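# just a sequence and a predicted model for now, questions to come.
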Amino acid sequence: MVNVTLRAALAPVRRWSSPLMGFLRRLSLQYRIAAGVVLGLVVLFSLFGFLAVRTINQSKDVALEERLALSEATAHTVDGLIANAIDQLEGAGRLSALDPDDPEESQIGMVYHVLGTFETIVRLDNDGRVLWLVPASSQPAWLSSIRPLLPQVAAQGSTQAVQLTTSDIEHPPVALIVSPIRDGGLGPGYLVGDVQLSNKDIELTRLGGTKPGETEIELVDAQGNIILHSAGQPYKADEHADILAPLVARREAGILIHDPPEGKKHVLAYYPLESVGGGVVVEQTADQALAVPNSMRRTMLYFGFGSLLVVSIAAWLHARGVVRPIRELTNASSRIAGGALDTPIVPRRDDEVGELARSFESMRVKLKAHLEERQRWEQELEGKVRERTQEVNWLLGKVISAQEEERKRVARELHDDTAQALATMLVGIQTADDALLESPTEAKAALARLKPQATRALEEMRKMILELRPSDLDDLGLVSAIRSYAESSLEPAGVAVSCKVSGKEKRLPGPLETALFRMAQEAINNVARHAEAKNAQLHLRFAKRRFVIDAEDDGKGFDVQEVVTSTDETRGLGLLGMKERAALFGGSVDVESGPGHGTRVHIEMPVEDGEDTGTASR
């Protein structure tokens, strides 16, 4: 019964296939070969189409994954910036323990100027009252919003990254770093710093292009509000907040394709931030994001069907010649799909098959060039990191050498002058003590001889204290401190010194005055110790938004280039220290000298409007 039913079902097929087989038998061998080639080409093109569709789908997945990878990389960069800011603020809280005599505001100010991560650093006490700010400007808008969060941070007992929203303030920063201070150099309280993706005109984290059609990158908070936008549209609710809400709530990454009723379909890639709420959104139109897969699909349709039509017409002449290149292209597409991009695709024909081969070769070359370019960028980045590391290590070595040289100098002066004088006084006191009962007159004479020695030791000690930290710098200001130091250092050395002040004298910020005094001190010491000069002139100028020191002498001079390029680690440390201090504040130091032509040191520093002292130009 089953066989009968099967034969009945196959009967129509037999009736249809019998005339076809008879027709093929009547065809010539050439047409039969052409028909076989055509049928074979149909099979091959079907396989090619399957591989091409698979490649297109893989390319589409890769394109979507690249957007997700971009959002992930940007999120990791932001998280890294916040983590680095946390480390910096925690380190700043312990910094003043290194030098208890230096005010904590000065130390934190140096951290602020050197690192440049924070827009503002605020010092609060345990009750949330402001002790000082760096920079010392008006209080930031977020200050009132952070105070209610201090008890929570204190309960946690560790540094916290806090994210404000537009409901707290109109323009919230990327994150606020709140660091409780329990011990160390600073007193109890908090250090609070706001983190932006750019600071002091320095772009710390790049969010992408802003031209129309480029990829748009947004940084959103936990409520879906845009904190920063690559096209400069911050502080508003993201138009895709409802779509992204599930991913934001679950703090998980994802890719979405949004097809609005009006407008173009676009791709959204979201990756959450680990340090704070919200995350990074990468948005691009589907036409641009999937341009390569769409182009490949069109290429497959146009060239595939066109090649099939042309080869079908010419199959009876080129049956064997057509099969071979099609197979080569199929293998090449498989290699490309598998990631093997080193083997070139060589077009062997000038027809549509050859054009298809050239398209695949162009695709292979572009993909390979893209991978090589990425590898080159990675190598360049690694090289720059190594260079910066070497520069930092070199500068650190120089600073340590300078510190050790200064310690040697102080120790040598204490040993050669003060210690010798004290030892001599001790012997004289013992002599007077021995002679006090037997010969009071001799004891009195011995004590009289000790008085000049004590006076000289006191003067040497005062001179050393003046070099370490002149009281005039804090009490009377920069000009008085430089003038007093120049007179006390140069006149005993036989150098006639004159000090001229131009402009309206005013007090400068404390760290800047200290840096300027140290640079002037180094220039004066060089004149006293090395120049062998008869005359020296100091010209201090208070100009608009800058302060200038010109120090000149008529001494023997020196070869500046020879000192700068010297391999002796002990040479040029003073000049290097002056240049480094100036660079910290955005200033410059220029030295002009030559053997037998004296020396001129020009120091120029940018300054803000300071407090007038009322001193007229002199």
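Everything's here; your move.

# mind listing what's buried in stretch 498-513?
499, 501, 503, 505-506, 508-509, 511-513 (16 or more other Cβ atoms under 10 Å). Every C-beta, even on glycine, is put in place using the N, C-alpha and C of the backbone.

# just the closest of those to residue 82, please.
residue 511 (26.8 Å; Cβ to Cβ).

# which element is the closest one on?
Secondary structure from DSSP states H and E places residue 511 in helix 510-526.

# state the mean pLDDT of that helix.
Helix 510-526 shows an average pLDDT of 88 in the prediction.

# so which bits of it are buried?
Under the neighbour-count criterion of 16+ other Cβ under 10 Å, helix 510-526 has 511-517, 519-526 buried.

# element containing residue 441?
With DSSP H and E as the test, residue 441 turns up in helix 440-468.

# ok, then the element right after that helix?
helix 471-475.

# show me the contact partners of that next one.
Outside helix 471-475, the residues within contact range by Cβ atoms under 8 Å, 6 or more residues apart in numbering are 480-481, 484-485, 513-514, 517.

# name the SS class of residue 533, please.
At residue 533 the chain is in coil, as set by DSSP: H, G, I helix; E, B strand; the rest coil.

# now do the phi/psi pair for the nearest residue to it once chain neighbours are set aside.
Spatial nearest neighbour of residue 533, chain neighbours left out: residue 555 (3.4 Å); criterion: Cβ to Cβ, 6 or more residues apart in numbering. Backbone dihedrals for residue 555, given as degrees, to the nearest 10, come out at phi -80, psi -160.

# and residue 259, by the same measure?
Residue torsions, per degrees, to the nearest 10, at residue 259 are phi -120, psi 90.

# surely it touches residue 268?
No: contact criterion Cβ atoms under 8 Å: residue 259 and residue 268 do not qualify, at 11.3 Å.

# tell me which of these two has more neighbours.
The neighbour comparison of residue 259 against residue 268 (other Cβ atoms under 10 Å) goes to residue 268, with 23 against 9.

# separation between that one and residue 257?
To residue 257, residue 268 is 8 Å away according to Cβ to Cβ, to the nearest Å.

# before we move on, what about residue 329?
31 Å.

# cool, and residue 125?
52 Å.

# over to residue 364?
Per Cβ to Cβ, residue 364 is found 28 Å from residue 257.

# just want to know which of these two has more residues nearby.
It is residue 364, of residue 364 and residue 257, that has more neighbours when counted by other Cβ under 10 Å, with 20 against 12.

# where's that one, which helix or strand?
Going by DSSP H and E, residue 364 is part of helix 352-413.

# still on that earlier bit, how about the buried residues of stretch 498-513 in JSON lines, adding distance to residue 216?
Listed next are those as JSON lines, based on distance: Cβ to Cβ, whole Å:
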{"residue": "499", "distance to residue 216": "59"}
{"residue": "501", "distance to residue 216": "56"}
{"residue": "503", "distance to residue 216": "50"}
{"residue": "505", "distance to residue 216": "53"}
{"residue": "506", "distance to residue 216": "48"}
{"residue": "508", "distance to residue 216": "44"}
{"residue": "509", "distance to residue 216": "41"}
{"residue": "511", "distance to residue 216": "41"}
{"residue": "512", "distance to residue 216": "42"}
{"residue": "513", "distance to residue 216": "47"}
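
# quick one: mean pLDDT over the lengthiest helix in the chain.
In the chain, taking DSSP state H as the definition, the longest helix is helix 29-95. Helix 29-95 comes out with an average pLDDT of 76.

# just stretch 302-315 next, same as before
Stretch 302-315 carries an average pLDDT of 69.

# please apply the same query to stretch 460-469.
Mean pLDDT, computed over stretch 460-469, is 65.

# what of stretch 124-141?
78.

# quick check: end-to-end length of that stretch?
One end of stretch 124-141 sits 15 Å from the other (Cα to Cα, to the nearest Å).

# give the buried residues for that stretch.
Under the neighbour-count criterion of 16+ other Cβ under 10 Å, stretch 124-141 has 124, 128, 133-134, 140 buried.

# mind checking which of those residues are in strands?
Counting by DSSP state E, these place 124, 133-134 in strands.

# just those residues now: which is nearest residue 159?
Closest approach between these and residue 159, by Cβ to Cβ: residue 124, at 13.8 Å.

# what's the spacing between the closest one and residue 537?
Applying Cβ to Cβ, the value for residue 124 to residue 537 is 48 Å.

# got it, and residue 608?
Distance of residue 608 to residue 537, given as Cβ to Cβ: 28 Å.

# ok, the two, which is more surrounded?
Taking other Cβ under 10 Å, residue 608 and residue 537 do not tie; residue 537 has more neighbours (16 against 9).

# can I take it that the more buried one is in a helix?
No: Residue 537: not assigned to a helix; according to three-state DSSP it is strand.

# which strand residues bridge it?
residue 498, residue 552 (DSSP bridges).

# wait, it sits on residue 552?
Yes: applying Cβ under 8 Å, one finds residue 537 in contact with residue 552, separated by 4.9 Å.

# which element follows the helix or strand of the chain with the lowest mean pLDDT toward the C-terminus?
Ranked by mean pLDDT, DSSP states H and E, the helix or strand of the chain with the weakest confidence is strand 202-203, at a mean of 45. Next along the chain after strand 202-203, taking DSSP H and E as the criterion, comes strand 216-220.

# by contact count, what packs against that next one?
In terms of contacts (3 or more Cβ pairs under 8 Å, 6 or more residues apart in numbering; DSSP states H and E), strand 216-220 is packed against helix 29-95, strand 225-229, helix 241-250, strand 279-285.

# ramachandran angles for residue 602?
Backbone torsions of residue 602, given as degrees, to the nearest 10, read phi -110, psi 120.

# same check, this time on the one 4 residues further on
Here the main-chain torsion angles of residue 606 (degrees, to the nearest 10) amount to phi -70, psi 140.

# how close does it sit to residue 248?
Counting by Cβ to Cβ - residue 606 and residue 248 are separated by 44 Å.

# neighbour count: these two, which is higher?
Using other Cβ under 10 Å as the criterion, residue 606 and residue 248 rank with residue 248 on top: 22 against 12.

# would you confirm that that one contacts residue 270?
Yes: in this structure, residue 248 is within contact of residue 270 by Cβ under 8 Å, at 7.4 Å.

# what's the overlap in contacts for those two?
Counting by Cβ under 8 Å, 6+ apart, the residues touching both residue 248 and residue 270 are residue 279.

# how many neighbouring residues does residue 445 have?
Around residue 445 there are 14 other residues, counting by other Cβ under 10 Å.

# tell me, what's the model's pLDDT at it?
pLDDT, residue 445: 73.

# residue 337 too?
At residue 337, pLDDT is 73.

# let me know the secondary structure of residue 438.
coil.

# looking at this, residue 122 is in a strand?
Yes: assignment of residue 122 by three-state DSSP places it within a strand.

# partner residues bridging the closest residue in space to it that isn't next to it in sequence?
Closest residue to residue 122 apart from its sequence neighbours, by Cβ to Cβ, 6+ apart: residue 192 at 4.6 Å. Beta bridges link residue 192 to residue 122, residue 178 when assigned by DSSP bridges.

# go ahead and confirm residue 85 touches residue 176.
No: the criterion here is Cβ under 8 Å, and residue 85 misses it with residue 176 at 9.7 Å.
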